[in-house]
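A.B. asks: When you get a sec, could you give me coordinates for this:
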Amino acid sequence: MGRADGEDKAALSPGGEDTADLSPDDSPWSDSAWSEDDDDDEASLSFEDSGEGSGSDADSDGLEEEDDAAAEESDSSEDEVAPRNTVGNVPLQWYKDEEHIGYDISARKIKKRDREGRIDSFLSSKDNDDDWLKIWDDYNAEEVKITKEEAKIISRMMKGKTPHANVDPYPDYVDWFEYADKGHPLSNAPEPKRRFVPSKWEQKKVVKLVRAIRKGWIKFDKPKDEPNYYLLWGDDTDTADNKRQGLSYIPAPKPNLPGHEESYNPSVEYIPTQEEIDNYQLMYEEDRPKFIPRRFESLRSVPAYEKALREGFDRCLDLYLCPRTRKKRINIDPESLKPKLPSKKDLRPYPRTCYLEFKGHGGPVTSLSVEATGQWIASGSSDGTIRVWEVETGRCLKVFNVGADVHHISWNPSPERPILAAIVGRDLLLLNTEVGDEETQVRTKELLHVEEPTPEDDGDKKPAVRWVNNDKFDGITLIHHRAASTVEWHSKGDYFTTVVPTGESRAVLLHQLSKKHSHHPFRKLPGLPVAAVFHPTQKMFFVATKKFVQVYDLQKAEVVKKLESGLREISSISIHPGGDNVIVGSKDGKLCWFDTDLSTRPYKMLKNHSKDITSVTFHRRYPLFASSSEDCTAHVFHGMVYADLNQNPLIVPLEILRGHLSSDRRGVLDCKFHPRQPWLFTAGADSMIRLYCD
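C.D. replies: Below is the predicted model of the structure:
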């Protein structure tokens with residue numbers, strides 16, 4: 001059957017359905033079924049009967065089966081599709097002037113197809129946006145529509161680039177062969193002899209060159225000698241040229257530029273009067289002006305500078321004596337030098353704010369002491385009274401009018417013995433505070449009674465202390481040979497000690513309350529004693545002099561250790577509840593922490609107060625210690641002592657407690673911790689007692 005020309009064009013296009021899957025054998029251009037009608041001017045193509053009835057349905061079904069089999073066997077690649085034209089591999093220019101383009105298998109001419117005119121192609125391009133993708137194939141005489149990807153490939157090829165963008169035309173060279181540690185070379189040929197024997201011709205050439213240099217035939221250009229001079233007064237711009245002989249360059253100091261005063265014709269306000277010049281002579285030489293401005297009519301009348309030679313000599317001397325080295329300063333952040341301390345929030349609780357004020361004394365409160373249960377406190381003042389206070393309410397329970405200055409007081413640490421020891425005037429007074437039940441009061445009254453006078457220690461010698469009943473307060477008075485300063489109790493409540501600050505052998509005394517006995521165990525001390533305290537758990541005794549702290553073994557009666565403080569004068573001492581650490585306060589505002597197991601030297605020395613430290617104390621349960629000073633402040637510290645002996649104690653400053661007023665240049669005179677709570681009591685020269693809580 002025949003087909004129109006328009007249908008043939010659609011069938012021959014690359015996107016057509018009829019010719020897209022045709023194999024080279026099934027191409028209509030290579031089959032004899034296509035014929036040319038010679039009578040008509042236009043080419044009409046039709047199928048001819050081949051003897052088997054090509055127009056029948058059976059034949060068409062057979063052709064479809066053959067086409068499917070051929071499609072399955074053939075490759076779908078477009079590069080292997082046979083050309084649909086029968087021109088052959090001849091240039092198309094040969095058919096330029098002809099009406100046909102090639103021949104079919106029956107040697108019939110194949111006429112050229114008429115292309116659209118320029119007007120028709122222009123109108124079709126306006127109606128179709130993809131018309132720019134159409135290309136006329138002269139070889140096959142058809143119009144082909146390409147894709148956008150193929151258009152990009154053609155554009156890259158026209159620019160001289162690779163068709164595909166992901167292809168690298170200049171890849172990095174990869175050396176696939178490894179030469180290192182290989183047993184065999186690339187070439188199996190033996191090594192030539194020339195690689196082991198020095199070259200004979202090179203040796204001859206070197207000999208000729210050496211001979212020519214020695215005879216002067218070959219001359220080298222000598223380097224030009226640079227001038228060995230430099231600017232005497234220095235130049236900041238040529239710092240690289242001024243580094244001579246490997247020395248670090250230091251620019252010379254520049255003199256000050258002259259001002260209006262140095263002018264030969266200065267302004268009137270710069271010229272001093274004769275009275276001002278006379279006043280210059282009365283001034284010190286360092287305060288006297290170095291130059292007095294003068295006025296001249298012209299420049300030629302200006303005399304020569306009289307000090308020019310001297311100043312020039314001094315200038316050269318400064319340059320000569322200037323050190324030619326540069327000191328490198330190390331820039332260190334001060335914060336990095338500080339030890340890493342824990343946060344204060346993690347170290348709570350500790351006293352921070354004033355909770356109560358105890359008012360009632362008429363003079364400075366010199367000493368404080370807290371009862372063992374923490375319910376009562378006692379205070380002694382220079383107004384001649386001792387007061388007992390209730391801690392929770394601040395109520396004054398009792399007032400003992402002793403009639404003399406109270407220097408120091410200490411409450412018995414045993415709850416069954418509510419006895420208060422106080423240094424009143426020169427002697428020691430033992431008082432019954434009457435703050436217990438009836439049974440306790442009965443035992444206390446029996447204990448505070450001296451039946452017989454104290455016998456003398458050594459026959460004719462005067463005893464160190466006399467125990468005398470005090471009928472006024474139903475207590476006992478211990479009369480010392482000299483004025484006593486401090487009193488401290490043993491942890492069990494039977495023994496106590498007093499210190500008489502003298503250089504004699506009876507400066508430190510030990511007393512036993514149950515037997516009403518006193519003795520002086522120490523015959524010789526390294527200095528004047530200041531304070532003495534008992535070890536919390538062992539039979540050890542600490543005596544603080546102005547320079548040292550001596551540790552005695554009471555059982556062996558000998559000195560165990562001698563702690564060297566290095567302070568000007570020790571004022572107070574306190575022992576840690578563990579017994580291995582000691583803190584010492586001094587009159588120069590320094591606090592020393594001793595670790596007796598570590599060394600006899602201070603482990604830490606803290607300079608916190610600006611004036612004398614009056615008292616230092618440890619807390620019995622919490623890792624806290626405090627110090628009070630005459631600068632009206634009390635400092636609270638965190639002092640953790642670890643059970644591991646290889647770990648040093650941790651000391652952290654926590655709080656500075658203020659509130660006391662200065663009186664006669666005195667501030668906080670004493671401080672004591674509550675035995676159970678993290679509270680601190682302070683006694684001030686302003687006759688006030690303050691309680692600081694968390």
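A.B. asks: which other helices and strands contact the helix or strand hosting residue 441?
C.D. replies: Applying DSSP states H and E as the criterion places residue 441 in helix 438-447. Helices and strands touching helix 438-447, by 3 or more Cβ pairs under 8 Å, 6 or more residues apart in numbering; DSSP states H and E, are strand 427-432. Every residue, glycine included, has its C-beta placed from N, CA and C.
A.B. asks: Enumerate the positions of stretch 576-594 that are buried.
C.D. replies: For stretch 576-594, the neighbour count (16 or more other Cβ atoms under 10 Å) marks 576, 580-587, 589-594 as buried.
A.B. asks: And for stretch 479-490?
C.D. replies: Residues 480, 481, 484, 485, 486, 487, 488, 489, 490 are the ones in stretch 479-490 that count as buried (16+ other Cβ under 10 Å).
A.B. asks: Just to be sure, which of the residues you listed are found in strands?
C.D. replies: 480, 486, 487, 488, 489 (DSSP state E).
A.B. asks: Flag the least confident of the residues you listed.
C.D. replies: Scanning those for pLDDT, the smallest score is found at residue 480, 87.
A.B. asks: for that one, what are its contacts?
C.D. replies: Residues near residue 480 by Cβ atoms under 8 Å, 6 or more residues apart in numbering: 426, 427, 428, 464, 465, 498, 500, 509.
A.B. asks: Which residue in those residues has the weakest pLDDT?
C.D. replies: Lowest confidence among the contacts of residue 480: residue 464, with 76.
A.B. asks: ok now do it, which residues does it touch?
C.D. replies: 457, 480, 481, 506, 509, 518, 519, 520.
A.B. asks: Serialize those to JSON lines and add fields for distance to residue 528 and secondary structure.
C.D. replies: Below are the contacts of residue 464 laid out as JSON lines (distance: Cβ to Cβ, whole Å; DSSP: H, G, I helix; E, B strand; the rest coil):
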{"residue": "457", "distance to residue 528": "23", "secondary structure": "coil"}
{"residue": "480", "distance to residue 528": "16", "secondary structure": "strand"}
{"residue": "481", "distance to residue 528": "16", "secondary structure": "coil"}
{"residue": "506", "distance to residue 528": "13", "secondary structure": "coil"}
{"residue": "509", "distance to residue 528": "15", "secondary structure": "strand"}
{"residue": "518", "distance to residue 528": "20", "secondary structure": "strand"}
{"residue": "519", "distance to residue 528": "20", "secondary structure": "strand"}
{"residue": "520", "distance to residue 528": "15", "secondary structure": "coil"}
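A.B. asks: Geometrically speaking, which residue is the centre of this protein?
C.D. replies: Note on the chain: the residue nearest the mean C-alpha position is residue 336, at 7.0 Å, using Cα atoms, centre = their mean.
A.B. asks: Phi, psi for it please.
C.D. replies: Main-chain torsions, residue 336, degrees, to the nearest 10: phi -70, psi -20.
A.B. asks: For the stretch 551-694 of the chain, which segments count as helices?
C.D. replies: For the stretch 551-694 of the chain, no helices turn up when DSSP state H, counting those that start in this stretch is the criterion.
A.B. asks: Following the record's annotation, map out the domains of this structure.
C.D. replies: Domain assignment for the chain, taken from the TED database, gives 261-298, 353-451+463-693.
A.B. asks: about what we covered before: Produce a PyMOL select command limited to the buried residues of the contacts of residue 480.
C.D. replies: Buried residues within those, by 16+ other Cβ under 10 Å, are selected in PyMOL with:
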select buried, resi 427+428+464+465+498+500+509
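A.B. asks: hmm, who's touching the helix holding residue 441?
C.D. replies: Outside helix 438-447, the residues that touch it by Cβ under 8 Å, 6+ apart are 416, 417, 418, 419, 432, 434, 436, 474, 513, 514.
A.B. asks: Near the closest residue to the second one other than its chain neighbours, how many residues? Count them for me, please.
C.D. replies: What it means is residue 417. Spatial nearest neighbour of residue 417, excluding adjacent residues (Cβ to Cβ, 6 or more residues apart in numbering): residue 493 at 5.1 Å. Residue 493 has 18 neighbours, counted by other Cβ atoms under 10 Å.
A.B. asks: Also residue 369?
C.D. replies: Residue 369: 25 neighbours (other Cβ under 10 Å).
A.B. asks: and it, what does it touch?
C.D. replies: 377, 378, 379, 409, 410, 411, 420, 672.
A.B. asks: Repeat that for residue 622.
C.D. replies: 349, 350, 673, 678.
A.B. asks: Now do the same for it: its pLDDT.
C.D. replies: 94.
A.B. asks: now it: how far from residue 273?
C.D. replies: The gap separating residue 622 from residue 273 is 76 Å, by Cβ to Cβ, to the nearest Å.
A.B. asks: next one: residue 573
C.D. replies: Counting by Cβ to Cβ, the gap from residue 573 to residue 273 is 70 Å.
A.B. asks: So for the two, which residue has more residues nearby?
C.D. replies: residue 573 (26 against 8).
A.B. asks: and the nearest residue to that one once chain neighbours are set aside, how many neighbours?
C.D. replies: Of all residues not flanking residue 573 in the chain, residue 544 sits nearest, at 4.4 Å (Cβ to Cβ, 6+ apart). Other residues near residue 544 come to 25 when the count uses other Cβ under 10 Å.
A.B. asks: tell me the pLDDT at residue 544?
C.D. replies: The model's pLDDT for residue 544 equals 93.
A.B. asks: is it true that it lies in a strand?
C.D. replies: Yes: under DSSP: H, G, I helix; E, B strand; the rest coil, residue 544 sits within a strand.
A.B. asks: Excluding residues flanking it in the chain, which one is nearest residue 513?
C.D. replies: According to Cβ to Cβ, 6+ apart, the nearest residue to residue 513 is residue 494 (5.5 Å).
A.B. asks: give the contact list for that neighbour.
C.D. replies: So residue 494 contacts 512, 513, 514 (Cβ under 8 Å, 6+ apart).
A.B. asks: Give me the subset of those lying in strands.
C.D. replies: Filtering those for strands - DSSP E - leaves residue 512.
A.B. asks: I'd guessed residue 517 sits against residue 509; true?
C.D. replies: No: if you go by Cβ atoms under 8 Å, residue 517 and residue 509 don't touch, sitting 10.7 Å apart.
A.B. asks: about what we covered before: please list only the buried members of the contacts of residue 494.
C.D. replies: Applying 16+ other Cβ under 10 Å to these flags residue 513 as buried.
A.B. asks: Is residue 130 part of a helix or strand, or is it coil?
C.D. replies: Strictly by three-state DSSP, residue 130 counts as helix.
A.B. asks: what's the answer for residue 366, then?
C.D. replies: Going by three-state DSSP: residue 366 is strand.
A.B. asks: Look up how far residue 590 lies from it.
C.D. replies: From residue 366 to residue 590 the distance is 22 Å (Cβ to Cβ).
A.B. asks: And for residue 544?
C.D. replies: With distances taken as Cβ to Cβ, residue 544 is found 14 Å from residue 590.
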